[in-house]
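[1] Need the 3D shape of this:
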Amino acid sequence: MHPNQKLLQQFYEAFSRKDYETMGSCYHPEATFLDEAFDLRGKEVPAMWKMLCLRGKDLKLTFSNIIADDQTGSADWEAWYTFSRSGRKVHNVIHAEFIFRDGKIWSHRDTFNFYRWARQAFGFSGLLLGWTPFLQKKVRETAMRGLREFSEQD
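    Below is the predicted model of the structure:
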């Protein structure tokens, strides 16, 4: 198994245990993370995983299809959790793309169907607005504000 494939395996195994410290150690100090909710750099990346692990009381996940070489990697993962803002159950299906540097994750991009997620997380409002840039922007602003507040308390 390629060392970067082992790194991703370690990352997702730690995530399944909510071991945010091990997850954070998998990232390069200058790492970036991007998905529909977050656009992060450096120390913000492990802080996000810490917040999600500590707040995700009922978080369960599976992962598969881990592929990696010297430069890039990818994985698929699924998460089941209760969305805290609405109390609604969510099942999110995510594809992750990675770039490695110095034996660590340097760039991490998660993609998922935002409209599908919004319908689950927000119910009827998500059905009506989940496809709009307005809701996507609002979710990103709220997520980033939540991370800043969490980091200030930590």
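[2] contact partners of the top strand by length along the chain?
    Ranked by residue count under DSSP state E, the longest strand found in the chain is strand 88-101. Strand 88-101 has contacts (C-beta atoms under 8 Å, 6 or more residues apart in numbering) with 4, 7-8, 28, 30, 35, 68, 70-83, 105-113, 116-117, 120-123. For the C-beta atoms, the positions are set from N, CA and C on the backbone; glycine is no exception.
[3] Given that strand, what are its sheet partners and their directions?
    strand 72-83 (antiparallel), strand 104-111 (antiparallel) (DSSP bridges).
[4] For the first one, buried residues please.
    Residues of strand 72-83 classed as buried by neighbour count (16 or more other C-beta atoms under 10 Å): 73, 75, 77, 79, 81, 83.
[5] Check the offset of that strand from the chain's centre.
    Chain-centre distance of strand 72-83: 7 Å, with C-alpha atoms, centre = their mean, to the nearest Å.
[6] let's have the chain start at 761 instead
    Sure thing, new numbering starts at 761, so read that last one as strand 832-843.
[7] Student question: in this structure, what's the helix or strand with minimum average pLDDT?
    In the chain, no helix or strand scores lower on mean pLDDT, DSSP states H and E than helix 884-889, which sits at a mean of 82.
[8] Return the list of helices and strands in contact with it.
    Contacts defined by 3 or more C-beta pairs under 8 Å, 6 or more residues apart in numbering; DSSP states H and E place helix 884-889 against helix 874-882.
[9] now the helix it packs on against strand 832-843, angle please.
    Interaxial angle of helix 874-882 relative to strand 832-843 (axes from the mean of the first three to the mean of the last three C-alpha atoms, to 10 degrees): 30 degrees.
[10] Residues in contact with helix 874-882: which ones?
    By C-beta under 8 Å, 6+ apart, the residues outside helix 874-882 that reach it are 796, 843, 845-846, 848-853, 886-887, 889-891, 895-896, 899.
[11] Same question for stretch 784-791.
    Contacts of stretch 784-791 (C-beta under 8 Å, 6+ apart): 767-768, 770-771, 774, 801-803, 805-806, 809-810, 861-862, 864-868.
[12] 7 Å instead?
    767, 770-771, 802, 805-806, 809, 861-862, 864-868 (C-beta atoms under 7 Å, 6 or more residues apart in numbering).
[13] Drop anything exposed from those residues.
    Buried, going by 16+ other C-beta under 10 Å: 767, 771, 805-806, 809, 865-868, out of those.
[14] Thanks a lot, catch you later.
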